[in-house]
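Colleague: show me the folded form of this:
(chains A, B, C and D)
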Protein chains: 2
Amino acid sequence: MATIERRELLSKQVEEALREQIREGCFAPGEQLPPENELAASYGVSRATVRAALANLQREGTVVRRQGSGTYVTHAASYLDSRMEEMWNCEDMIRALGCQPSIGWLEYEESLPDARARQKLRLGPTETVLVVRKVFLADGEPVIHCADYIPRALIKEPFTRDDLSGNVFDFLEECADERATYYVAELVPTVAEGSIARRLECGAGTPLLLFDEVAYNIEDRAISCSLLHHRREGVLFRVVQSRP
Amino acid sequence: MATIERRELLSKQVEEALREQIREGCFAPGEQLPPENELAASYGVSRATVRAALANLQREGTVVRRQGSGTYVTHAASYLDSRMEEMWNCEDMIRALGCQPSIGWLEYEESLPDARARQKLRLGPTETVLVVRKVFLADGEPVIHCADYIPRALIKEPFTRDDLSGNVFDFLEECADERATYYVAELVPTVAEGSIARRLECGAGTPLLLFDEVAYNIEDRAISCSLLHHRREGVLFRVVQSRP
DNA sequence: AAGATGGCAATCGTCTGACAAGTCCCGCAG
DNA sequence: CTGCGGGACTTGTCAGACGATTGCCATCTT
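Modeller: Alright, predicted model coming up:
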C-alpha cells in the first residue's frame, strides 16, 4: 500500500517557496519584500494565503512586518540553515555544521522499557519497546550519541538494520505509518561519563548537551522518545526568538 | 516624554487571550477548541483575526488544526510556562523553575568592548559599551551569571544602579528608547571555571549551558549582546517544535 | 449481525473585495 | 532651512462566500 501523498497546504507551499528564495539570496537581509498583493499575484494565490505564509516566517524571525511600511528580511534569515527548528534529524544537524554525517555504531534490541521511557511513552507494564542506540560521526569524528525508544506495538511492517540507520521519524513513517507532528525537547547540560564517554571517544568531564525528547503524532499520542548526547566544541544550536 | 503605548495588534490580543485561557485550563490538553466562527463572535473580531492568532498558537505547538475536524489543544500546552520562547529575561526563567528570583551581585563599567562584542554589535573602533555583570539567585542559590554589553551611544537617559538590576530589554526601552524585536541565541555546553565558577559558587568542571545572545531592534540593528552562563541540575529549558 | 457504502453536516482552508490604520515621502508655506 | 500637511502606499482587519476534508450516521449488502 503506497502512502498517499497528502496535498500540502497552499500557504505552506508559499511559505517554503519564500523561505527558499530568501535562503538563496533573492531577497537579502535588510531588503524589503514585494507587497503582499504582488506576492499573491506572482504565486497565483490570494492575499490571505500569502499573509498566512508571512505570519509563519515572521514568527520564526525570518522577516518582520511593519504596518504601513512593509515586510523586511532580517539578519536572522542568514541562520536559516543552523536553526534549531530545522533539527528534525541528526544528519541534517551535522550537515548544518558543515560536516559530512555518517553512522559510527549501531545496535538495537527489543526489551521492556525503563521507568523513564515507560512514563514518557505512557506504556502499560507489559508493553515492550524497540531500543535503537547509535553514534553519529561528523567528518569521521563521533559527535552524537543517540538512543531512540519506540513502542513495539506501533511497528506494523518488518524492518531491517538499514531502516534503523536513518532518523527515527522516517522509520516511524515507513514502518509504523505514524507521522511526528511535534516534539518536546528538554535541554540539560551535562558531562560525559561511562559508556557514552567511551563511545563518543572523549574524556569523562567533557561538556555535553543532552536532549531529552518526546515526539507526538497528530492525535497527541507519544510515538517515540530519545536521549541525544551532543558533543561539539563551539556553537551547537541557534535559537531565534521574535516578539512582533 | 512618556512612551506612547502602541496599540497592540488585535490578533496579538486574541492570541494572548487564548493562550491565557489554555494556561488556566479552560481548555484542557486534548480538548477541541470552539470553531473559528464562534471564537470570532465571542471575541468580537473577524474570523481572519482569529485565524492569525491560531496560526501562531499552532506554530508554537500549543494547538494543532485539522481541516474538516477542528482545532485541538496539545499536551505541549502544559509546558507553556517553561518554554524557551518565554525566556526574555532571567527572572521569568527562574520563576518558571518554581523558584524566587533575586540579584546576588552586580557591577558595571563603561569600556572599550572586546573584539567579540565589537563584532557582534557592529561597532567602530572608538565606540564604547556599557558592560553589566550580575548573578541571579534562585531561592538564594546562584544559578545564572549574566554579562550584558550595550553600545554607550544608544543610552540617551541618565540611569542608576537600580535601572540595571532588571533585565537588559527593559533597560533599553527605558533609557535608550529601543525595543528588542528578536534575538539570536547560540547554545554552547561548557563547564564552570575561573571567576564564573567562583561567582556561581560551584566547582570547576560543573556543567553549564552558555547562551551567547544578540538582540536586534525592528530596524535590524544589534542593540545588545549578552553572555549567559546557566547552572542548574535537571531540566533547563524546553523546546517545542511543530511540523504542521 | 457485521461490515461496506454513500450522503450530510461540521470545520478548516482559500478566495474576493473592501476599508481602516499606520508609514513614508514630497511639496509647500513660513 | 524647517515644520507642516496631504496623498500614495502597505499592512491590519472586516465581511461573506465557496472549496476541501473529516467524522458521523443511516442505509445497504453480504
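
Colleague: now do the strands in chain A.
Modeller: A:63-66, A:70-73, A:101-111, A:129-138, A:141-151, A:182-191, A:207-216, A:222-230, A:237-242 (DSSP state E).

Colleague: return the list of helices and strands in contact with the helix or strand of chain A with the lowest mean pLDDT.
Modeller: Here the helix or strand of chain A ranked lowest by mean pLDDT, DSSP states H and E is strand A:237-242, holding a mean of 80. Identification of packing neighbours for strand A:237-242 by 3 or more C-beta pairs under 8 Å, 6 or more residues apart in numbering or on different chains; DSSP states H and E yields strand B:182-191. The way it works is simple: take the backbone N, C-alpha and C, and place the C-beta from them, glycine included.

Colleague: buried residues, the strand it packs on. List them.
Modeller: B:182, B:183, B:184, B:185, B:186, B:187, B:188, B:189, B:190, B:191 (16 or more other C-beta atoms under 10 Å in any protein chain shown).

Colleague: would you turn the strands of chain A into a markdown table with distance to residue B:85?
Modeller: Putting the strands of chain A into a markdown table (distance: least, C-beta to C-beta, whole Å) gives the following:
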| stretch | distance to residue B:85 |
| --- | --- |
| strand A:63-66 | 16 |
| strand A:70-73 | 21 |
| strand A:101-111 | 28 |
| strand A:129-138 | 28 |
| strand A:141-151 | 25 |
| strand A:182-191 | 13 |
| strand A:207-216 | 17 |
| strand A:222-230 | 21 |
| strand A:237-242 | 5 |
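
Colleague: returning to that earlier point: okay if I get the buried residues of strand B:182-191 as TSV plus pLDDT?
Modeller: Shown next, in TSV, are the buried residues of strand B:182-191 (pLDDT from 0 to 100):
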residue	pLDDT
B:182	88
B:183	90
B:184	90
B:185	89
B:186	89
B:187	88
B:188	89
B:189	89
B:190	90
B:191	90
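
Colleague: so which of those reach chain A?
Modeller: When those are checked against chain A using C-beta under 8 Å from any C-beta of the partner chain, the ones in range are B:182, B:183, B:184, B:185, B:186, B:187, B:188, B:189, B:190, B:191.

Colleague: circling back: farthest pair in the buried residues of strand B:182-191?
Modeller: Pairwise distances among these were taken by C-beta to C-beta; the largest, 29.6 Å, belongs to B:182 and B:191.

Colleague: whatever residue of chain A ends up closest to DNA strand C: how many residues sit nearby?
Modeller: The minimum distance from chain A to DNA strand C, using C-beta to the nearest atom of the strand, falls at residue A:68 (2.4 Å). For residue A:68, the neighbour count with other C-beta atoms under 10 Å in any protein chain shown is 4.

Colleague: residues contacting the nearest residue to residue A:52 once chain neighbours are set aside?
Modeller: Nearest non-adjacent residue to residue A:52, counting by C-beta to C-beta, 6 or more residues apart in numbering or on different chains: residue A:11, 3.8 Å away. Residues in contact with residue A:11 (C-beta atoms under 8 Å, 6 or more residues apart in numbering or on different chains) are A:49, A:50, A:52, A:53, A:56.

Colleague: gap between the residue of chain A found nearest DNA strand D and residue A:72?
Modeller: Residue nearest to DNA strand D within chain A (C-beta to the nearest atom of the strand): residue A:35, separated by 3.3 Å. Distance of residue A:35 to residue A:72, computed by C-beta to C-beta, to the nearest Å: 12 Å.
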